[in-house]
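1. any chance you can model this:
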Amino acid sequence: MHPISAALRTVFAASVILLNQACSEDAKESGSSGLVQLSLGPKTIEIELAIERSEQTRGLMYRRSMPADQGMLFVYQKPTRMSFWMRNTYIPLDIGFFTSDGVLREIRKMYPHDENPVKSIREDILYALEMNQGWFQKNGIKPGESFDLEQLEKAIRK
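-> A predicted model of the protein is given here:
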């Protein structure tokens with residue numbers, strides 16, 4: 001085999017790998033990864049789960065929009081005081097902080113590109129739900145509402 005042919009094959013293989021990775025990143029950016037339905041009070045929403053550390057670190061960064069009844073639910077291993085920021089995030093968001101029983105305890109506003117931490121008051125928060133800013137108020141979802149833990153557990157197992 002000619003040495004140039006082997007080099008071209010190597011370059012081609014590397015190009016295919018890089019293209020696949022780029023397409024994967026585009027899918028993550030556009031939010032096209034698997035959405036699951038979750039009931040929150042009287043409302044049904046579609047959520048993207050952020051369970052792995054890499055998913056939680058990226059969050060909704062780089063996205064320019066999000067459909068009205070979609071959001072991202074951050075699921076943690078143990079209850080704690082939560083802290084979020086908006087680095088590289090273009091969408092104004094509200095974040096709801098939930099305890100392990102699925103009950104909404106706090107709602108905070110978050111603004112695009114604001115790197116000041118938005119912290120929960122409580123130290124027993126296990127879930128955080130990011131939705132478009134104003135979504136909770138528009139839909140009458142207030143602290144005390146809860147989401148269906150059984151639905152969430154099924155979605156996490158998938």
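2. longest strand in this structure, by residue count?
-> For the chain, the longest strand by residue count, based on DSSP state E, is strand 70-80.
3. show me what the helix or strand following it is packed up against.
-> Downstream of strand 70-80, the first helix or strand assigned by DSSP states H and E is strand 83-84. Counting by 3 or more C-beta pairs under 8 Å, 6 or more residues apart in numbering; DSSP states H and E, the packing neighbours recorded for strand 83-84 are strand 118-119. Every residue, glycine included, has its C-beta placed from N, CA and C.
4. strands of the chain, residue ranges please.
-> Going by DSSP E, the chain shows strands at 36-40, 43-50, 70-80, 83-84, 93-99, 104-110, 118-119, 125-132.
5. could you redo the ones you listed as TSV and give each row mean neighbour count, distance to Ala155 and mean pLDDT?
-> Below are those laid out as TSV (neighbours: other C-beta atoms under 10 Å; distance: least, C-beta to C-beta, whole Å; pLDDT from 0 to 100):
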stretch	mean neighbour count	distance to Ala155	mean pLDDT
strand 36-40	18	4	95
strand 43-50	18	6	96
strand 70-80	17	9	97
strand 83-84	15	21	97
strand 93-99	24	15	98
strand 104-110	17	18	98
strand 118-119	17	25	97
strand 125-132	22	12	98
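6. would you reformat these as JSON lines and include distance to Ser146?
-> Listed next are the strands of the chain as JSON lines, based on distance: least, C-beta to C-beta, whole Å:
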{"stretch": "strand 36-40", "distance to Ser146": "8"}
{"stretch": "strand 43-50", "distance to Ser146": "12"}
{"stretch": "strand 70-80", "distance to Ser146": "13"}
{"stretch": "strand 83-84", "distance to Ser146": "21"}
{"stretch": "strand 93-99", "distance to Ser146": "8"}
{"stretch": "strand 104-110", "distance to Ser146": "7"}
{"stretch": "strand 118-119", "distance to Ser146": "22"}
{"stretch": "strand 125-132", "distance to Ser146": "11"}
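7. next, the angle from the longest strand of the chain to strand 36-40.
-> 70 degrees (axes from the mean of the first three to the mean of the last three C-alpha atoms, to 10 degrees).
8. show me the domain layout of this structure.
-> Following automatic domain parsing, one gets these domains for the chain: 1-30, 33-157.
9. bridged to the residue nearest to the spatial centre of the chain, which residues?
-> Nearest to the mean C-alpha position of the chain, counting by C-alpha atoms, centre = their mean, stands Met72 at 3.3 Å. Met72 has these beta-bridge partners by DSSP bridges: Glu48, Glu130.
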